[in-house]
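Chemist: Fold the following, please.
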Amino acid sequence: MPSRFVRAAGLVPLAAALLGAGTFSAARAGTASAPRRAAVQTVPAALPFGPGERSTYQVKLAGVSVGRGTLEVTGVEVVDGNNTLHARMTINGGVPLARVDDKYETWFDRDELFSRRFKQDIHEVRYRRNRSYDFSPERRTWRRENGETGPLATDKPLDDLSFLFYARTLTFSVGDTFTLNRYFRESGNPVTLRVVRRETVKVPAGTYKTIVVRPTIHTNGLFGQGGQAEVYFTDDARHIVVMVKSRVPVVGSLTMQLQTYTPGH
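Modeler: Numbering: from 1, shown residues only. So this is what the prediction gives:
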C-alpha cells in the first residue's frame with residue numbers, strides 16, 4: 001500500500017509485483033550477501049478466490065474502531081470484449097477532522113491475472129485522488145478518463161488492487177523478497193513484497209495463523225512507500241486477507257481486521 005495510508009504503504013501496489021516468469025525474482029532473507037533466486041511461480045489453474053467471495057473488516061484509527069471495510073469479487077464482467085473478474089475494496093470511517101473514504105476497483109483477466117481496467121477514488125484526511133484507467137495490453141497503452149494516454153510498462157499490467165489478488169496466488173516462505181515489474185506505470189516499479197514472519201493473530205472473525213507480507217509500491221496508493229503497510233494472509237493456499245496495517249496522516253495508524261468471510265465459487 002505516499003503521504004497517505006495508501007501513499008505510505010500502498011495497498012494497491014501490493015499485488016502487482018507478483019506476476020510471472022521473467023518479470024519477477026525472489027530472494028530469500030538470511031542469504032543477503034548472496035540472494036538465492038526462488039523458482040518462478042506460475043498462475044495456478046485453480047484460483048484461491050472467485051465470484052461471490054466477500055470479506056468485511058473492522059477499521060480502526062489509532063486503535064479506536066471507527067468504521068468498516070470490504071474486499072470482494074463481485075462477478076464476471078466484459079471489458080473491451082474480454083471476460084474479467086471485477087473486484088472492489090472499500091474503507092470507510094474516521095473521527096472528526098480525520099476521515100478515510102476509499103474505494104478501489106479492478107477488472108482483471110482470470111486466466112493470466114493481468115488488469116484491463118482500474119478505478120481509484122480516495123479521500124484520506126486532507127488527501128484526495130480520483131482516477132480511472134483502461135488498459136490495452138495488446139497495444140501496451142493506457143487511457144485515462146480525462147483523455148490522457150501513455151505506454152504500459154508491461155504487457156501483463158497490474159494495478160494497486162489486482163496486485164493484491166495476484167499475491168494471493170503466490171507461495172510464500174519467510175525470508176522471500178519478490179521484486180516485480182508488473183505495475184502498469186513504469187514509475188511504480190519495481191513492486192517489492194517482503195515475507196517477514198509468521199504470526200497467529202486474533203481478529204473479530206476468529207484466531208488465524210498468518211504469514212505477514214510488507215508490500216511497497218512506488219505510488220500514492222494504499223500500499224505506497226509512506227504507509228509502511230503490512231498484510232496478514234492466512235497461512236494456507238487461500239491466502240485470505242486477515243488484517244492490514246498502514247499509516248494515516250494526522251491519526252498515525254490504520255488497521256483493518258477481518259470480521260466476516262464468505263468464500264467465492
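Chemist: all contacts plus neighbour counts: C-alpha atoms, from now on.
Modeler: Will do.
Chemist: center of this structure, which residue is that?
Modeler: By CA atoms, centre = their mean, the chain has its centre lying nearest to residue 164, at 3.1 Å.
Chemist: quick check, that one in a helix?
Modeler: Yes: when DSSP: H, G, I helix; E, B strand; the rest coil is applied, residue 164 is found to be in a helix.
Chemist: Model confidence for it, exactly?
Modeler: Among the per-residue scores, residue 164 shows a pLDDT of 92.
Chemist: Distance of it relative to residue 114?
Modeler: 12 Å (CA to CA, to the nearest Å).
Chemist: can you check residue 60 too?
Modeler: 31 Å.
Chemist: who has more neighbours, those two?
Modeler: Neighbours were counted for residue 60 and for residue 114 using other CA atoms under 10 Å; residue 114 has more, 28 against 19.
Chemist: Model confidence score at the more buried one, please.
Modeler: Note on residue 114: pLDDT of 97.
Chemist: Kindly report the same for residue 180.
Modeler: Here the pLDDT value assigned to residue 180 is 91.
Chemist: One more: the one 3 residues further on?
Modeler: As summarised for this prediction, residue 183 has a pLDDT of 93.
Chemist: Can you tell me the SS state at residue 199?
Modeler: strand.
Chemist: I'd like to know how far the closest residue to it other than its chain neighbours sits from residue 74.
Modeler: Counting by CA to CA, 6 or more residues apart in numbering, residue 210 is the residue found nearest to residue 199 once chain neighbours are left out, at 5.3 Å. Here residue 210 is placed at a distance of 25 Å from residue 74 (CA to CA).
Chemist: next one: residue 162
Modeler: 13 Å.
Chemist: Can you pull the residues that touch both of these two?
Modeler: Common contacts of residue 162 and residue 74, defined by CA atoms under 8 Å, 6 or more residues apart in numbering, comprise residue 87.
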